[in-house]
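J.: show me the folded form of this:
(2 chains)
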Protein chains: 2
Amino acid sequence: MIDRISKHFSTKHKSSMVGIGDDAAVIMAGEQCQLVTTDMLVEGIHFDLTYSPLQHLGYKAVAVNVSDIAAMNGVPEQIIVSMGLSNRFSVEAVDVLYEGIRFACDDYNVDLVGGDTTSSRSGLILSVTAIGNVPPKALALRSTAQKNDIVCVTGDLGAAYLGLQVLEREKQEFLENPSMQPKLEKYDYLVRRQLKPGARTDIIHELRELQVVPTAMIDISDGLASDIMHICKESEVGVNIYEDKIPIDQRAYDTALEFKLDPMTCALNGGEDYELLFTIRQEDFKNLENHPDIHFIGYIYEKEKGINLITRGEKVVPIQAQGWQHFKL
Amino acid sequence: MIDRISKHFSTKHKSSMVGIGDDAAVIMAGEQCQLVTTDMLVEGIHFDLTYSPLQHLGYKAVAVNVSDIAAMNGVPEQIIVSMGLSNRFSVEAVDVLYEGIRFACDDYNVDLVGGDTTSSRSGLILSVTAIGNVPPKALALRSTAQKNDIVCVTGDLGAAYLGLQVLEREKQEFLENPSMQPKLEKYDYLVRRQLKPGARTDIIHELRELQVVPTAMIDISDGLASDIMHICKESEVGVNIYEDKIPIDQRAYDTALEFKLDPMTCALNGGEDYELLFTIRQEDFKNLENHPDIHFIGYIYEKEKGINLITRGEKVVPIQAQGWQHFKL
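T.: I've put the predicted structure just below:
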């Protein structure tokens, strides 16, 4: 879809630095790169209001866009919110949604600077545009990973996907027995990772302090497998990812087994973690090696080596993308 | 709605110059003001695919956002397109939609720099973000009209609304008699104004050449009545608009009578004209007076005089907004 569309478009302005095909558009404005990104969340596709509280949803709509700015190594500063609402939403419901948006604005230090609210025939549509900036020398694209770079990932993977499984199971049980009380305490971490994910702007600030500029970066929205493939495809490189290095939280691991799912498959293909996946030069490793929340999971190779998972048994398995497939431009 | 939301939000960044409440957000970037605006078009609310060709719809989605940049006296440079599509849309349909987007990009000299395409449970959702810029000295807000300024409007008003009436009538006739052939030639101008409106970026370039900076500006999306009220409310001024100066095309006039509608009501409250409504200092009048497409329709007064229409019979009638009421932030 991306290729189909972008082949008909070319850019006319020299300010349009990087067009279609990265987490955010890059526009030159004075000495800075301005970053602009937009994401649409549609009821029934991206969220289910039977278990998504409106406040969390407002928060998430901001966080996922802030995450796209972070994925360019940028700092977000403004957001614009467009909302489509059917008449089943009261003014009070809109207030609650905006409360979540405001909490996210406070957490990520961004300003709400505009938007519009319109009608919708069915359900809720949230479209957030985030605007940020990055000095040109710090800009991290998907397309600039180099052979011998180290592959890094923040946080842990798979928890958001397992949170969704827990919520879907609760919903089914509730539909069968409406008098049931939800028992979610045990799954609190997983559910929170699904309903109210955090964007890793903290990492961006730390990388600046440590004077490390990633050679390439993306945020994990589709899943590690799919997103490392984006970096490899755009950078024309290969990769080895080591299974035993992929960070999985114990609660995600246990819950995967409870659901009879392979924890590694959840981590590779679950998506919606909104962690940062990036590559660094080997000489930068010493600056990051003691960071408690950055994990070193592989190496970049020449393209011909392919895109591989090295299993605990040291088998080389080609990685296939099975993650969420929105048609991201 | 705007007031309700904005009272909970304040801005944290000095780059966030003008927040909620104008046609576009204003962000300082180097020596320029960066303008960012977003508008969502929802099937069944903003358009009806029984008579909106997808190509025109793609064009219109870009034009209405470009118009919001023009309404700040800015020049658009980039757009980002987010699309929600239900499964009744084929890949070919999406191609046609993007063809319309591309025509608009060419007409308005803007670059498509990103976006995403996602699923939707029902129908088509188009959310376009437009990015432009303006030198700080040329920025035209809604809130800066001054007493004694002259009120100007471009083009003609009411035609887009009458185009919609024609299309709605055709649709009804078609539903009653599916074998009918549409007879739209006579209404070609009106229908085009509805389905494929133009944004007046030409006027922005001409104002720059003539070195005229409007004291306030807005684009006519809701209707002249509603939009002059926005300027007056935000600028804390009053206005007299002269009925005999309001530009109405002969074809709009004739069709209004055919529909037993008052042409002046269509011009005042129809909306979707995407013409520019602006105020200038009296000394700038000489630079614009011979412009064939700018009409001088009134004067700004002190707030206490109110917001009035001066009829052909010299009666003073308070203007009431009856236009489209999206809840624009």
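J.: ok, the residue nearest to A:Ser120 when sequence neighbours are not counted - contacts?
T.: Of all residues not flanking A:Ser120 in the chain, A:Gly84 sits nearest, at 3.5 Å (Cβ to Cβ, 6 or more residues apart in numbering or on different chains). Where you see a C-beta, it was placed from the backbone N, CA and C, and this is true even at glycine. Each residue near A:Gly84 by Cβ atoms under 8 Å, 6 or more residues apart in numbering or on different chains is listed here: A:117-120, A:124-126, B:40, B:42, B:45, B:125.
J.: so the closest residue in space to A:Pro197 that isn't next to it in sequence: helix, strand or coil?
T.: Excluding its sequence neighbours, the residue lying closest to A:Pro197 (Cβ to Cβ, 6+ apart) is A:Tyr274, at 4.5 Å. Following DSSP: H, G, I helix; E, B strand; the rest coil, the label given to A:Tyr274 is coil.
J.: mind listing what A:Tyr274 touches?
T.: Per Cβ under 8 Å, 6+ apart, neighbours of A:Tyr274: A:63-64, A:67, A:160, A:197-200, A:219-221.
J.: kindly recompute the last result at 6 Å.
T.: Contact partners of A:Tyr274, counting by Cβ atoms under 6 Å, 6 or more residues apart in numbering or on different chains, are A:67, A:197, A:199, A:219.
J.: what's the most distant pair in the residues you listed?
T.: A:Pro197 and A:Asp219 (10.1 Å; Cβ to Cβ).
J.: circling back to that earlier point, quick check, nearest of the contacts of A:Gly84 to B:Glu304?
T.: Set against B:Glu304, the nearest of these by Cβ to Cβ is A:Thr117 (32.1 Å).
J.: neighbouring strands for the helix or strand where A:Ile27 lies, and are they parallel or not?
T.: In this structure, A:Ile27 sits in strand A:25-29 according to DSSP states H and E. Take DSSP bridges as the rule and strand A:25-29 pairs in its sheet with strand A:16-18 (antiparallel), strand A:32-42 (antiparallel).
J.: weakest of those strands by average pLDDT?
T.: Mean pLDDT is lowest for strand A:16-18 among the strands paired with strand A:25-29, at a mean of 80.
J.: burial count for A:Asp107?
T.: 15 (other Cβ atoms under 10 Å in any protein chain shown).
J.: please apply the same query to A:Tyr253.
T.: When neighbours are counted by other Cβ under 10 Å, A:Tyr253 registers 18.
J.: ok, now how distant is the residue nearest to it when sequence neighbours are not counted from B:Gly84?
T.: Of all residues not flanking A:Tyr253 in the chain, A:Pro263 sits nearest, at 4.6 Å (Cβ to Cβ, 6+ apart). Using Cβ to Cβ, to the nearest Å, we find A:Pro263 at a distance of 33 Å from B:Gly84.
J.: report how many residues lie close to A:Gly169.
T.: I think there's a mix-up here, since residue A:169 is Arg and not Gly. Summarising burial for A:Arg169: neighbours were counted as other Cβ under 10 Å, giving 13.
J.: in which helix or strand does it reside?
T.: Element membership for A:Arg169 (DSSP H and E) is helix A:159-176.
J.: and the closest residue to chain B within chain A, what does it touch?
T.: For chain A, the residue closest to chain B is A:Gly30, as judged by Cβ to the nearest Cβ, at 1.7 Å. A:Gly30 is in contact with B:29-30, counting by Cβ under 6 Å, 6+ apart.
J.: likewise A:His56?
T.: Contact analysis of A:His56 by Cβ under 6 Å, 6+ apart lists A:195-196.
J.: again, 7 Å this time
T.: Counting by Cβ atoms under 7 Å, 6 or more residues apart in numbering or on different chains, A:His56 touches A:100, A:195-196.
J.: near chain B, from the residues you listed?
T.: Among the contacts of A:His56, no residue is within reach of chain B (Cβ under 7 Å from any Cβ of the partner chain).
J.: out of those, flag the one nearest to A:Pro318.
T.: Closest to A:Pro318, out of all of these and judged by Cβ to Cβ, is A:Leu195, at 33.5 Å.
J.: how many residues are close by the residue nearest to A:Tyr253?
T.: Residues near A:Pro263, counting by other Cβ under 10 Å, number 22.
J.: now do A:Gln32
T.: 18.
J.: test my guess that it contacts A:Pro135.
T.: Yes. Between A:Gln32 and A:Pro135 there is a contact at 6.5 Å, judged by Cβ atoms under 7 Å.
J.: run the chain-centre distance for the helix or strand hosting A:Ile101.
T.: Following DSSP H and E, one finds A:Ile101 within helix A:91-107. Taking Cα atoms, centre = their mean, to the nearest Å, one finds the center of helix A:91-107 at 21 Å from the center of the full chain.
J.: in it, what counts as buried?
T.: Buried residues in helix A:91-107, defined by neighbour count with 16 or more other Cβ atoms under 10 Å in any protein chain shown: A:94, A:96-98, A:100-105.
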